[in-house]
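Novice: Sequence plus predicted model, see below.
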Amino acid sequence: MAIQKKHGKGRLDKWYKLAKEKGYRARAAFKLIQLNKKYGFLEKSKVALDLCAAPGSWCQVCAETMPTNSIIIGVDLAPIKPIPKVITFQSDITTEKCRATIRTHLKTWKADVVLHDGAPNVGTAWVQDSYNQAELALHSLKLATEFLVEGGTFVTKVFRSKDYNSLLWVCNQLFAKVEATKPPSSRNVSAEIFVVCRGFKAPKRIDPKLLDPRSVFEDVAGPAPNNEAKVYNPEIKKRKREGYEEGEYIQFKEISASEFINTVDPIAILGQYNKLSFEQPKNGDVALAALDKLPETTEEIRLCCADLKVLGRKEFKLLLKWRLKVREIFGFPTKKSQKAVAVDEEVAVVENMDEELRIQEELQRIKEKESSKKKRERRRENEKKQKEIVRMQMNMTAPMDIGMEQDGPRGEGAMFRLKTIDANAALNKIAKGKMALLKEAEKTKDYDFGSDGENDDSDEEADRLEEELDNLYDQYRERKAASDAKYRAKKARKENGDDEWEGVSGDEKAGSDEDDDEELEVDSSDDDSDLEDGEPGQKLITDLDGQSEEKDGLSKRAKNFFSQGIFAEIPGLLEEPESEEETQEAELVEAVEQPKVTKKEKKEKSEKKDTKAKSKKAAEESDDEDDFEVVKNNEDDDWENVERKKKNGRPDIDIITAEAMTLAHQLATGEKTSYDVIDDGYTKHAFKDRDGLPDWFLDDESKHDKPHKPITKAAAEAIKEKLRAYNARPIKKVAEAKARKKFKQAQRLEKLKKKADMLVGDDGLSEKEKASSISKLMSQVKKKTRKAPVKVVKAAGSNRGLQGRPKGVKGRYKMVDPRMKKELRAMKRISKKKN
Ligand SMILES: C[S@@+](CC[C@H](N)C(=O)[O-])C[C@H]1O[C@@H](n2cnc3c(N)ncnc32)[C@H](O)[C@@H]1O
């Protein structure tokens, strides 16, 4: 069966597109629209309760279909973004609290319609994993019985599972009409089915057992066992109608109706398949053609064959009877005919049955073996994934490792074999494993548009896996961000439009990421933020250091850095507003526009290339480590051995700066031409196709896809110098205290200046007087204001028990208790005596 791609361009089906067009939050909206078209329950409802409503497309449909001023209440584990005219809240529908909240919203009203589209395992409902779909549906039914008005409608989604019939039975006890239907927008391959229950009977008393998952799903008997199977294989176990295997809700199995007639185990077919098909295969099936034409193959039989998973006991009986009839017509052995033959040729029949039995057993054995092997494989894969997730949670691995370790059939990583994972149903298990991890992120996550949260569509599953991986990666980044002050500082600067390195190397920046700026980033960012708070001391640090203003188009830190002595010889470095990277870029553009190169320049270029190649070769010879590059120039000794140790796998920003400096130097001294720079720009990474690649992959790639550029000794020295300067800096508190002191001094000086100016401008004073007053002022500033000593006040007489300042005491004081003083003295005396 062709499964629609849900990734890239071809991922979205028509319902998705339509939902997007119409502004619905999920394509699930169309399921309700179609159900309502068939049964028309919304138009006449004034109060609707939507259980498991996130992201809210059903609420949207209710709001636009129900009469104005209707009351619509939506509840979900996940938050629902506000919808006009809809009351929404976050709660678990299986809890008492949820019930109470609904009650407060509904007050004394009753709901005309209760909707339930819940699906555990999906969306943010990880915590509810213990509840399966049927249990959730039963919980919603329980709420419906409490809030529905008599004659009201209840719509619920159910997966065709072993509990399906039990649930239907319970619905039948409570509603006048119960119909199971599958709207066209629900995919065929999906095991979901919608049960529309109309005419709520509103019984005065409901047996609690009726709505208790334990009793409902255990006590209600399944369809009666088939006797015919016993005839052929008395050993065969009692048939279990389990519906879809756990986690394999997406399987849709179809078998030809003629095979059902032929089989010796009709029960197995009825249990395992979804449909008995009357479609002729390409090579033709005579028996099927005949079967199709038989009057016994009635319309009812055909209907039953169309969807075996919704059949009840009665329908199964009907199909089995039909099979027997057809077998008789076709002359196949039946129970009756075998009995007749048994009278005449007893031995032969026994032999026949034995043979059949043997085959049956053999088949059963093979089947069991295969399924247990599959299970084992699945478990192993899940365990592996689980371990990886744990490792990732502990920051032991990058998210890219997940799913990449195994090679697919065509050599691709497991990551790209979403369908395989899907088919193995490993996804659900993985998802369960990641519950804890995802819980948090899922809480805040926006519902993915169009993925309406069913765990039954293969492409949705695949989409979910991808979403999960994306989420994991986002969480990984968030966690990193949370633990990484540098990252936060950088982010804050970015938001303030003050990203220092933006202009220096825009491209490098993406790759260099958060750790690049090292300590400098932390400190300076702190300073910056403090400055905003208006702390004078810190403002002073920047001001006094002369870093606060941007000049010449260079950022303050870059300017500071390039103003070091080492760059003095390089002409035009500070004046040039453009960074090296920008220059490169501009030159690249220029090169594209003017591709012609003069002969002289070409020659120059090839010479330079040779030199470069030589130096590279020398470097390669002496370098055998991946993250340690030694670059040497054979001609002069101006090159430096630089340890290109990366920080957390990312290139060091200092190295990048050094490379930029080197290039600037080379350009300034004419060692390199602009064409060399252009040339260097054409690496194998330059024109990489990044379309459709996930973020985490691109992020990781960008850490390693930068060609190493040479670094001169001078540049390396500058880096070392910079680091030395940073290391020599006092700790922040000391620096702050010093700065505060300086600031206060400056303030005092400013005050003094003002006063002195006033004195000078005072015409009533002689020059001598002016001079003496100014020198007085000066001495006052210099004089240290001594703090008055603390006055000791006895808490005796009128001061005893006094609260607040004693009379006649000015300045700082301390109350002392004379009795305590005496007692202390006495104690001392006694201890002395004892000694
Ligand atoms: C298929 S989505 C519902 C889509 C919704 N009908 C719409 O149109 O947007 C299934 C929802 O069931 C919710 N859910 C699952 N278990 C739940 C629970 N115990 N209580 C509340 N919501 C639950 C999930 O959070 C998820 O959002």
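Specialist: Everything's here; your move.

Novice: Now do the contacts for K787.
Specialist: Contacts of K787 were listed using Cβ atoms under 8 Å, 6 or more residues apart in numbering, and they are R812. No exception for glycine: its C-beta is placed from N, CA and C like everyone else's.

Novice: Over to it. Which of the three states is it?
Specialist: Assigned by DSSP: H, G, I helix; E, B strand; the rest coil, the conformation of K787 is coil.

Novice: E671 too?
Specialist: E671 - assigned by three-state DSSP - is coil.

Novice: Next one: it relative to V677, how far apart?
Specialist: 11 Å (Cβ to Cβ, to the nearest Å).

Novice: who has more neighbours, the two?
Specialist: Higher neighbour count among E671 and V677: V677, with 20 against 16, using other Cβ atoms under 10 Å.

Novice: helices or strands up against the helix or strand containing the more buried one?
Specialist: Using DSSP states H and E, V677 sits within helix 674-681. Here helix 674-681 touches helix 580-593, helix 599-622, helix 653-669, going by 3 or more Cβ pairs under 8 Å, 6 or more residues apart in numbering; DSSP states H and E.

Novice: what angle separates it from helix 653-669?
Specialist: Here the directions of helix 674-681 and helix 653-669 differ by 150 degrees (axes from the mean of the first three to the mean of the last three Cα atoms, to 10 degrees).

Novice: Next secondary structure after helix 674-681?
Specialist: helix 695-704.

Novice: For that next one, give the mean pLDDT please.
Specialist: The average of the pLDDT scores along helix 695-704 is 78.

Novice: Now do it: which elements does it pack against?
Specialist: helix 458-483, helix 506-512.

Novice: For the stretch 501-650 of the chain, which residues are neighbours of the ligand?
Specialist: Within the stretch 501-650 of the chain, no position lies close to the ligand (Cβ under 6 Å from any ligand atom).

Novice: Tell me who's in contact with L308.
Specialist: Counting by Cβ under 8 Å, 6+ apart, the residues that L308 touches are 270, 273-276.

Novice: quick one: buried residues of stretch 280-290?
Specialist: Within stretch 280-290, the residues that count as buried by 16 or more other Cβ atoms under 10 Å are 285, 287-288.

Novice: Over to stretch 384-391?
Specialist: Under 16+ other Cβ under 10 Å, the buried positions of stretch 384-391 are 384-385, 388-389.

Novice: now stretch 208-219
Specialist: Buried-residue list, stretch 208-219, by 16+ other Cβ under 10 Å: 210-211, 213, 216-217.

Novice: what about that stretch, near the ligand?
Specialist: No. With Cβ under 6 Å from any ligand atom as the criterion, the ligand is not reached by stretch 208-219; the gap is at least 12.6 Å.

Novice: Quick one: mean pLDDT for that stretch?
Specialist: The model assigns stretch 208-219 a mean pLDDT of 78.

Novice: Check what contacts it and list those residues.
Specialist: 134-135, 138-139, 141-142, 145, 163, 166-167, 170, 173-174.

Novice: Recalculate using a threshold of 6 Å.
Specialist: Stretch 208-219 is contacted from outside by 135, 138, 142, 163, 166, 170, using Cβ atoms under 6 Å, 6 or more residues apart in numbering.

Novice: Of the residues you listed, which is the nearest to the ligand?
Specialist: Nearest to the ligand, judged by Cβ to the nearest ligand atom, of those is E135 at 9.3 Å.

Novice: Could you tell me how far the residue nearest to that closest one when sequence neighbours are not counted is located from K782?
Specialist: Closest residue to E135 apart from its sequence neighbours, by Cβ to Cβ, 6 or more residues apart in numbering: P213 at 4.5 Å. Distance, P213 to K782, by Cβ to Cβ: 86 Å.

Novice: Same question for S798.
Specialist: 43 Å.

Novice: I'd guess D112 is in a helix, am I close?
Specialist: No. When classified by three-state DSSP, D112 is found to be strand rather than part of a helix.

Novice: Show the contacting residues for the closest residue to it other than its chain neighbours.
Specialist: Among residues not flanking D112 along the chain, S45 sits closest, at 3.6 Å (Cβ to Cβ, 6+ apart). Contact partners of S45, counting by Cβ under 6 Å, 6+ apart, are 66, 112-113.

Novice: between those, which is closest to A788?
Specialist: Distances from A788 to the contacts of S45, taken as Cβ to Cβ, are shortest for M66 (78.7 Å).

Novice: Surely that closest one touches G40?
Specialist: No. The pair M66 and G40 does not pass the contact test of Cβ atoms under 6 Å, sitting 11.8 Å apart.

Novice: Which one of those two is surrounded by more residues?
Specialist: M66 (23 against 12).

Novice: any idea how far the more buried one is from D112?
Specialist: For M66, the distance to D112 - Cβ to Cβ - is 9 Å.

Novice: repeat for N727
Specialist: In terms of Cβ to Cβ, N727 sits 74 Å off from D112.

Novice: same question, Y24
Specialist: In this view, Y24 and D112 are 22 Å apart by Cβ to Cβ.

Novice: Of the two, give the one with the bigger neighbour count.
Specialist: Shown here are Y24 and D112; by other Cβ under 10 Å, Y24 has more neighbours (26 against 22).

Novice: and the residue nearest to that one when sequence neighbours are not counted, what is it in contact with?
Specialist: Once flanking residues are discounted, Y24 sits nearest to S57: 4.5 Å by Cβ to Cβ, 6+ apart. Counting by Cβ under 6 Å, 6+ apart, S57 makes contact with 24-26, 28-29.

Novice: Could you single out the nearest of the residues you listed to L723?
Specialist: The closest of the contacts of S57, once distances to L723 are taken by Cβ to Cβ, is R25, at 52.8 Å.

Novice: which residues touch the closest one?
Specialist: 55-57 are the contacts of R25 under Cβ under 6 Å, 6+ apart.

Novice: Cheers, nothing more for now.
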